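Colleague: turn this into a structure:
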Amino acid sequence: MHVTHLSLADFRSYARAEVPLEQGVTAFVGPNGQGKTNLVEAVGYLATLGSHRVSSDAPLVRMGAERAVVRASVQQGERRQLVELELNPGKANRARINRSSQVRPRDVLGIVRTVLFAPEDLALVKGDPGERRRFLDELVTARSPRMAGVRSDYDRVLKQRNTLLKSAALARRHGGRSMDLSTLDVWDQHLARAGAELLARRLDLITALQPLADKAYEQLAPGGGPVALEYRPSSPGVVGHSREELYEQLITALGEARRQEIERGVTLVGPHRDELLLKLGRLPAKGYASHGESWSYALALRLASYDLLRAEGNEPVLVLDDVFAELDARRRERLAELVAPGEQVLVTAAVDDDVPGVLAGVRYAVSDGAVERV
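Modeller: Here you go, the predicted structure:
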């Protein structure tokens, strides 16, 4: 799978941009702040419905514009598709496939698939658990786009349940009447059902990812491993693997935590509080790995993600956003050698020297909102 054309309207710094793309390596080169990352960010948005740089859509719309449009032509084998997303901050986003009538934005998931390498990846190792949960869930959705609906359902139920718990906690603190919490049983069932599905997918993903991550780390840092991915649920009693086992265990855990949840006014059990522990040798990578080891670990997770998606039949676009400037010479060359054979590789860099020679290919100069092939 590869993107053959990218079109932007009022996205980030671009009033308009039309960028033809080819298979193989394409590098966008130019000084910082000129819009290189905006281009690959747009491709990533089509793949995930989110940005790797910001948590909301508002910053993605050019200042003074009401909306932004990202459109891409995508080739997979003999099949060509046109996918379009219209970003409307404060309103519902819109989507179209092959210029047809509007579809839900999440219906475009799976048409474009990406694996992104970026300086922000260091947070996978050094950041808080939310970074690692996001990594898992985005990869889960890349493998199975329908999981976007499950994640949305889980978030909606969690929000409703937290609202009820918060109201109950406030009522208790202010000496008011006890609230009728009988509906909590219903919310528990909904939360456990969606949570069990998400949890089962995460566990399956980790099983598939583990050997690939270990292999990738050895390729990047020979003799420096092994690495281990260990899933830690928010409740020790949630240990099953089938969806039904996990559902029953989540229901039990929610019941056991209910008194404490009512006191604190928040849901304490579920995938939204789980942790992915990254181990290097016998120790947690966070807090023990050196800066270089942390970088190698983060890159290994991305390489493992790429290998997994490629093995499942739809090779993703590899995006390397200003990552080579962050690496020492050895890691830079090893990473470049590993990604060079990709069907489509998009690279951003401030100067030509930051792009390893093995990634020779098409070059675009990016400056003052202009994207010109050189």
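Colleague: tell me the buried residues in stretch 156-173?
Modeller: Applying a neighbour-count criterion of 16 or more other Cβ atoms under 10 Å, one finds Val157, Leu158, Arg161, Asn162, Leu164, Leu165, Ala168, Ala169 buried in stretch 156-173. Yep, even glycine has a C-beta here, placed from its N, CA and C like the rest.
Colleague: tell me how far the fifth one lies from Leu198.
Modeller: What it means is Leu164. As judged by Cβ to Cβ, to the nearest Å, Leu164 and Leu198 stand 21 Å apart.
Colleague: then the first one?
Modeller: Distance from Val157 to Leu198, counting by Cβ to Cβ: 11 Å.
Colleague: over to the second one?
Modeller: Taking Cβ to Cβ as the measure, Leu158 and Leu198 are separated by 11 Å.
Colleague: cool, and the third one?
Modeller: Arg161 sits 15 Å away from Leu198, taking Cβ to Cβ as the criterion.
Colleague: same deal with the last one?
Modeller: If you measure Ala169 against Leu198 using Cβ to Cβ, the figure is 26 Å.
Colleague: quick one: neighbours of the residue nearest to Thr48 when sequence neighbours are not counted, just the number.
Modeller: Using Cβ to Cβ, 6 or more residues apart in numbering and skipping residues adjacent in sequence, the residue nearest Thr48 is Glu138, 5.6 Å away. Using other Cβ atoms under 10 Å, Glu138 has 23 neighbouring residues.
Colleague: ok but Glu138 is inside a strand, no?
Modeller: No: assigned with DSSP: H, G, I helix; E, B strand; the rest coil, Glu138 falls outside any strand and is helix.
Colleague: checking my notes, Leu6 in a helix, right?
Modeller: No: assigned with three-state DSSP, Leu6 falls outside any helix and is strand.
Colleague: so it sits against Val69, correct?
Modeller: No: Leu6 is beyond contact range of Val69, at 11.4 Å (criterion: Cβ atoms under 8 Å).
Colleague: name the SS class of Ser182, please.
Modeller: From three-state DSSP, the assignment for Ser182 is coil.
Colleague: any figure for the gap between it and Ala192?
Modeller: Distance check for Ser182 against Ala192: by Cβ to Cβ, it reads 17 Å.
Colleague: now Asn314
Modeller: Using Cβ to Cβ, Asn314 is found at 32 Å from Ala192.
Colleague: more crowded one of the two?
Modeller: Between Asn314 and Ala192, counted using other Cβ under 10 Å, Ala192 has the larger neighbour count: 24 against 14.
Colleague: torsion angles phi and psi at that one?
Modeller: The phi/psi pair for Ala192 (degrees, to the nearest 10) reads phi -70, psi -40.
Colleague: just checking, it touches Tyr247?
Modeller: Yes: Ala192 is within contact range of Tyr247, at 5.1 Å (criterion: Cβ under 8 Å).
Colleague: so where does Gly90 fall, helix or strand?
Modeller: Element membership for Gly90 (DSSP states H and E) is empty, with no helix or strand holding it.
Colleague: that one: neighbouring residues, count only.
Modeller: Gly90 sits with 8 neighbouring residues when counted by other Cβ under 10 Å.
Colleague: again with Gly110
Modeller: The local packing of Gly110 (other Cβ under 10 Å) involves 17 other residues.
Colleague: any idea how far the spatially closest residue to Pro31 that is not a sequence neighbour is from Asn32?
Modeller: Taking Cβ to Cβ, 6+ apart, and ignoring the residues beside it in sequence, Pro31 has Ala350 as its nearest neighbour in space, at 6.1 Å. Separation of Ala350 from Asn32 (Cβ to Cβ): 6 Å.
Colleague: equivalent analysis for Glu293, please.
Modeller: Using Cβ to Cβ, Glu293 is found at 27 Å from Asn32.
Colleague: neighbour-wise, which of these two wins?
Modeller: More crowded of Glu293 and Asn32, by other Cβ under 10 Å: Glu293, with 20 against 10.
Colleague: which strands or helices does the strand or helix carrying the more buried one pack on?
Modeller: Using DSSP H and E, the element containing Glu293 is helix 291-311. Other elements packing on helix 291-311 under the criterion 3 or more Cβ pairs under 8 Å, 6 or more residues apart in numbering; DSSP states H and E are strand 114-117, helix 122-126, helix 129-143, helix 184-220, strand 275-280, helix 329-339.
Colleague: pLDDT on the third one, on average?
Modeller: Spelled out, that is helix 129-143. Mean per-residue pLDDT for helix 129-143: 96.
Colleague: any idea what Val70 is bridged to?
Modeller: Beta-bridge partners for Val70, by DSSP bridges, are Leu8, Leu85.
Colleague: so it makes contact with Leu46?
Modeller: Yes: with contact defined as Cβ under 8 Å, Val70 counts as touching Leu46 (6.0 Å).
Colleague: list residues touching both of the two?
Modeller: Jointly contacting Val70 and Leu46 under the rule Cβ atoms under 8 Å, 6 or more residues apart in numbering are Leu85.
Colleague: pop the domain breakdown of this structure in here.
Modeller: Following the assignment in automatic domain parsing, the chain carries domains at 1-113+316-374, 119-313.
Colleague: the first one spans what distance, first to last residue?
Modeller: Same thing as domain 1-113+316-374. In domain 1-113+316-374, first residue to last residue: 25 Å (Cα to Cα, to the nearest Å).
Colleague: and that domain, how far from the chain's centre?
Modeller: Offset of domain 1-113+316-374 from its chain centre (Cα atoms, centre = their mean, to the nearest Å): 15 Å.
Colleague: state the mean pLDDT of that domain.
Modeller: Domain 1-113+316-374 comes out at a mean pLDDT of 94.
Colleague: those helices in the stretch 1-150 of the chain, which residues are they?
Modeller: Secondary structure of the stretch 1-150 of the chain (DSSP state H, counting those that start in this stretch): helices at 36-48, 122-126, 129-143, 147-173.
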